[in-house]
Structure formats: C-alpha cells, structure tokens
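> just a sequence and a predicted model for now, questions to come.
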Amino acid sequence: MAEETAPQAEAPDQNAGAPRYRDISLELQEIIAAHQEWLSTKGKKGRQAPLKGYDFGELNLSKVNLPRALLDKANFQGANLLVRRIK
C-alpha cells in the first residue's frame, strides 16, 4: 500500500509584486567582461564598452559597473540601477 503524502505548501515568492527585469544577453555580458578587463589592465587588454545608444530598458543592472563606458544616448528607462548594500 503506497503512502499518501500531504501536499507541500509552496514557499511564498519573495519577489511577488516586484518588477520583472529582462536577463542580460550573452553579448552584453561579454561586452561588460571585456570592459572590466580593460579597466583593470588600464587599457592593455579588453575593450572599452561601446554602448552608445544601447537599450538597457528593463534590465537588471544592479551588479553592473560601467565607469568610462561609452554610453551616449543609451536608454536606461525602466532598468534596475539600484545596488542593495547588505550590512
């Protein structure tokens, strides 16, 4: 005789009601990685991020750091730019 198990309660969604952000594309991840390398090697390796006019709309950029990236006319409308600091 098979044992019956009680239905498991689903864990509450911690992000319920939070905005949904698009995933960063592999292409953009590669550009960001090359930019980080460019920064850390002072331009000897990697490449400055050429993101003029790029649409960052609705992307989660909370863990992305792009100092000195080329961002003229880039669209950040709806993007998550907030960094949560844990104490």
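In hand now; what should we look at?

> which stretches of this protein have low pLDDT?
Low-confidence segments of the chain (pLDDT under 70): 1-19, 85-87.

> show me where this protein has helices.
For the chain, the helices defined by DSSP state H cover 26-40.

> distance check, the nearest residue in space to A33 that is not next to it in sequence against Y21.
Ranked by CB to CB, 6 or more residues apart in numbering and with sequence neighbours excluded, the top spatial neighbour of A33 is G46, at 7.9 Å. Glycine gets a C-beta too; all of them are placed from N, C-alpha and C. For G46, the distance to Y21 equals 26 Å [CB to CB, to the nearest Å].

> S40 now?
Distance, S40 to Y21, using CB to CB: 26 Å.

> the more surrounded of these two?
A direct count of neighbours by other CB atoms under 10 Å for S40 and Y21 places Y21 higher, at 15 against 11.

> tell me the spacing between E27 and V83.
From E27 to V83 the distance is 23 Å (CB to CB).

> now swap in F76 and tell me
Taking CB to CB, one finds F76 at 14 Å from V83.

> higher neighbour count, the two?
F76 (15 against 10).

> report the contact partners of that one.
F56, G57, L61 (CB atoms under 8 Å, 6 or more residues apart in numbering).

> identify the residues contacting the second one.
Spelled out, that is G57. Taking CB under 8 Å, 6+ apart, we find G57 in contact with N75, F76, Q77, G78, A79.

> mind running it again at 10 Å?
Y21, R22, A74, N75, F76, Q77, G78, A79 (CB atoms under 10 Å, 6 or more residues apart in numbering).

> excluding chain neighbours, what is closest to the first one?
Looking back up the chat, that one is Y21. Y21 sits nearest to N60 (CB to CB, 6+ apart), 3.8 Å away.

> how close does that neighbour get to A34?
Separation of N60 from A34 (CB to CB) stands at 20 Å.

> bridged to the residue nearest to Y21, which residues?
N80 (DSSP bridges).

> that one: neighbour count?
N60: 17 surrounding residues under other CB under 10 Å.

> just R84 next, same as before
By other CB under 10 Å, neighbour count at R84 equals 6.

> same question, D72
Residues lying near D72 (other CB under 10 Å) number 8.
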